[in-house]
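Engineer: this one's sequence-less:
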């Protein structure tokens, strides 16, 4: 078991077309570190220079927005699903 | 020929060619349509607009389309009503209602954005269109999508108001209810757009869709006799509309079509879903998502994509943001209905109630012209009013029964109506009367 990370199409050029990546980590931040280590092209896209998650990047752990949890320090466990999704307009 | 230059990231400035995309590949920032404004200014004359049909498409050079095949040519140019009775109630001098509660064809401002999005979807060769919606957008995509021969797929929270469900399925559109709130529907839609390649109007057609909202601003300016109001109050869900009205005003100022007046933009939300108001009030400008819980379902977006820009528009204009309770929303609906004869949905109740609150608090001065943007129709959200519906007598069809039930009260009000109309002089007529208000704001 590991943590499943879902990649949106806008980032798949950097992941060689992969839409699902399996990674390990104890916190969300570690998972993102692992993601960027595997796909160097993602570095700087999800997180800004200070390591902050970019304003228009939405990340969910299972079904919960990480901004309603503890952001990058939110703990993750085997079997969790991390979903990265761009913001969508209102309706 | 097209005056559209491309799509530019609002965050990092990266430029991409026009296509069904909404997100910057560099930083995830939203893409915005850019125009050759110099070219438009050279070729388009303000006075030339006068002879064009009264629809939002009279401003077509300022909309992001490339061809001549416009879908929804009848949409927009809704009334701007001088609201003197409401102004008296609120204690202000000049108040106007931009009434998109009577927009064509589905009675909300969403008809505008869908008209642009579907025109663009046709240009892109798409055959299926859809959206994630809190209701009004679903209605608009269903009606216009079906009419223009698209297959449709519309996703909404499963527990929406009945009128908004029916107002989607009646057109024969494909509707999918999702067990979740709007933000979850939204997220699913983003994944669907990734997989199916459909034209989802507020996902991959978002840059074009959003531009349709600018026409609210152009129309307000033109209907005020090419003037801008000192104050504009607008409800906020995803936050796009208020930023697009501001963009429209900026463009008109750039063209020299209006005086360089500064409009203060005031944003309205329900207390049960107020992430943009919070971002303005706490001074951070950053959106912290909330779990929405309000009767204003059409505004129940806890994670507003354009919230950051909406907050910035408000703050930079010197405006305010405020929220109101569900009870205040219902009061707002009743106040607008009972003064101006305009029945708006819960979102409009939010706008009216917030305007009242900001005026009472001195945030909107009583002497300066105000426009309230009313975005949707009350017949779609009657559920919100039913618990407080006004009781009325039910009688047998006999005059005696009528006299017993209504009798003295009706008789006295009839005689007072006769008395007051006999003393009416044209000069003292409130400009809420047909024609009177119109001429007074056009000549200001």
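Structural biologist: Yep, that arrived. Every value quoted in this text rests on a predicted model; they were computed, and no experiment measured them.

Engineer: residue A:91 falls within a helix, correct?
Structural biologist: No: counting by DSSP: H, G, I helix; E, B strand; the rest coil, residue A:91 falls outside a helix, being coil.

Engineer: neighbours around it, how many?
Structural biologist: Other residues near residue A:91 number 33, with proximity taken as other C-beta atoms under 10 Å in any protein chain shown. All C-beta spots, glycine's among them, are computed from the backbone N, C-alpha and C.

Engineer: that one reaches residue B:134, doesn't it?
Structural biologist: Yes: here residue A:91 lies in contact with residue B:134, judged by C-beta atoms under 8 Å, at a distance of 5.7 Å.

Engineer: for the stretch 51-200 of chain B, what spans make up the helices?
Structural biologist: If you assign secondary structure with DSSP state H, counting those that start in this stretch, the helices in the stretch 51-200 of chain B sit at B:84-90, B:110-123, B:136-147, B:162-169, B:182-196.

Engineer: now do chain A
Structural biologist: Under the criterion DSSP state H, helices of chain A are mapped to A:28-38.

Engineer: coming back round to it: between residue A:91 and residue B:134, what contacts are shared?
Structural biologist: Between them, residue A:91 and residue B:134 have B:182, B:237, B:301 as joint contacts when contacts are counted by C-beta atoms under 8 Å, 6 or more residues apart in numbering or on different chains.

Engineer: for these, which one is nearest residue B:170?
Structural biologist: residue B:182 (21.8 Å; C-beta to C-beta).

Engineer: give me the beta-bridge partners of residue B:6?
Structural biologist: Beta-bridge partners of residue B:6, counted by DSSP bridges, are residue B:34.

Engineer: give the buried residues for stretch B:194-208.
Structural biologist: When neighbours are counted by 16 or more other C-beta atoms under 10 Å in any protein chain shown, the buried residues of stretch B:194-208 are found to be B:194, B:198-208.

Engineer: please disregard the earlier target; I meant stretch B:89-96.
Structural biologist: Within stretch B:89-96, the residues scored as buried using 16+ other C-beta under 10 Å are B:89-90, B:92, B:94-96.

Engineer: swap in stretch B:33-52?
Structural biologist: Of the residues in stretch B:33-52, those with enough neighbours to count as buried (16+ other C-beta under 10 Å) are B:33-35, B:41, B:44.

Engineer: repeat for stretch B:352-362
Structural biologist: The neighbour-count check on stretch B:352-362 (16+ other C-beta under 10 Å) flags B:352-359 as buried.

Engineer: so who does residue 3 touch?
Structural biologist: Looking at chain A here, since you left the chain open. By C-beta under 8 Å, 6+ apart, the contact list for residue A:3 reads A:22-25, A:31, A:76-82.

Engineer: looking at chain B here, not the other one
Structural biologist: Going by C-beta under 8 Å, 6+ apart, residue B:3 touches B:35-37, B:39-40, B:61.

Engineer: mind putting those in TSV, pLDDT and distance to chain A included?
Structural biologist: Below are the contacts of residue B:3 laid out as TSV (pLDDT from 0 to 100; distance: C-beta to the nearest C-beta, whole Å):
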residue	pLDDT	distance to chain A
B:35	97	20
B:36	96	25
B:37	97	24
B:39	95	27
B:40	96	25
B:61	96	23
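
Engineer: what about the shared contacts of residue A:91 and residue B:134, which one has the most neighbours?
Structural biologist: Neighbours were tallied for each of these (criterion: other C-beta under 10 Å), and the maximum of 32 neighbours falls on residue B:237.

Engineer: how many other residues sit next to whichever residue of chain A sits closest to chain B?
Structural biologist: Among the residues of chain A, residue A:90 lies nearest to chain B; the distance is 1.9 Å by C-beta to the nearest C-beta. Here the neighbour count serves as a burial measure; for residue A:90 (other C-beta under 10 Å) it reads 28.

Engineer: wait, doesn't it sit right on residue B:301?
Structural biologist: Yes: counting by C-beta under 8 Å, residue A:90 sits close enough to residue B:301 to count as a contact (5.3 Å).

Engineer: just give the closest residue to residue B:373, not the sequence neighbours.
Structural biologist: Ranked by C-beta to C-beta, 6 or more residues apart in numbering or on different chains and with sequence neighbours excluded, the top spatial neighbour of residue B:373 is residue B:234, at 4.4 Å.

Engineer: how about the secondary structure of the one you found?
Structural biologist: At residue B:234, secondary structure determined by three-state DSSP is strand.

Engineer: identify the bridge partners of it.
Structural biologist: residue B:267, residue B:373.

Engineer: quick check, pLDDT for it.
Structural biologist: Note for residue B:234: predicted pLDDT of 98.

Engineer: again, but for residue A:29
Structural biologist: According to the predicted model, the pLDDT of residue A:29 comes to 95.

Engineer: what is the neighbour count of it?
Structural biologist: As a burial measure, the neighbour count of residue A:29 was computed by other C-beta under 10 Å and equals 19.

Engineer: burial of the spatially closest residue to residue B:297 that is not a sequence neighbour, as a residue count?
Structural biologist: Nearest non-adjacent residue to residue B:297, counting by C-beta to C-beta, 6+ apart: residue B:134, 5.7 Å away. Applying other C-beta under 10 Å, we find 28 other residues in the vicinity of residue B:134.

Engineer: next: residue A:12.
Structural biologist: When neighbours are defined as other C-beta under 10 Å, residue A:12 has 14 of them.

Engineer: I'd guessed it sits against residue A:18; true?
Structural biologist: Yes: counting by C-beta under 8 Å, a contact exists between residue A:12 and residue A:18, whose distance comes to 6.7 Å.

Engineer: so can I have TSV of the shared contacts of residue A:91 and residue B:134 showing pLDDT?
Structural biologist: Putting these into TSV (pLDDT from 0 to 100) gives the following:
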residue	pLDDT
B:182	90
B:237	97
B:301	94
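
Engineer: tell me the one of these nearest residue A:57?
Structural biologist: Distances from these to residue A:57 were compared by C-beta to C-beta; the smallest belongs to residue B:301, at 17.7 Å.

Engineer: grab the nearest non-local neighbour of the closest one.
Structural biologist: If the residues on either side of it in the chain are set aside, residue B:301 comes closest to residue B:237, at 4.7 Å by C-beta to C-beta, 6+ apart.

Engineer: right, and residue B:199 touches residue B:129 too?
Structural biologist: Yes: under the criterion of C-beta under 8 Å, residue B:199 is in contact with residue B:129, at a separation of 4.5 Å.

Engineer: per-residue confidence for the residue nearest to residue B:297?
Structural biologist: On the pLDDT scale, residue B:134 is placed at 93.

Engineer: do residue B:440 as well
Structural biologist: What the model reports for residue B:440 is a pLDDT of 36.

Engineer: neighbours around residue 68, how many?
Structural biologist: No chain was given, so I picked chain A. The criterion is other C-beta under 10 Å. On that basis, residue A:68 has 16 neighbouring residues.

Engineer: other chain: chain B
Structural biologist: As a burial measure, residue B:68 scores 6 neighbours (other C-beta under 10 Å).

Engineer: quick one: contacts for residue B:145?
Structural biologist: By C-beta under 8 Å, 6+ apart, residue B:145 lies in contact with B:114, B:118, B:129-130, B:151-152, B:171, B:173.

Engineer: what separation do you get for it and residue A:74?
Structural biologist: According to C-beta to C-beta, to the nearest Å, residue B:145 and residue A:74 sit 39 Å apart.

Engineer: run through the strands of chain A in chain order.
Structural biologist: Across chain A, reading from the start of the chain, the strands by DSSP state E fall at A:3-6, A:20-23, A:57-61, A:64-65, A:81-86.

Engineer: what pairs with the fourth one, and is each one parallel or antiparallel?
Structural biologist: Spelled out, it's strand A:64-65. Counting by DSSP bridges, strand A:64-65 is paired with strand A:57-61 (antiparallel).

Engineer: just to revisit the earlier point, quick check: the residue nearest to residue B:301 touching residue A:89?
Structural biologist: No: applying C-beta under 8 Å, one finds residue B:237 not in contact with residue A:89, separated by 9.5 Å.

Engineer: that's all I had, so thanks and see you.
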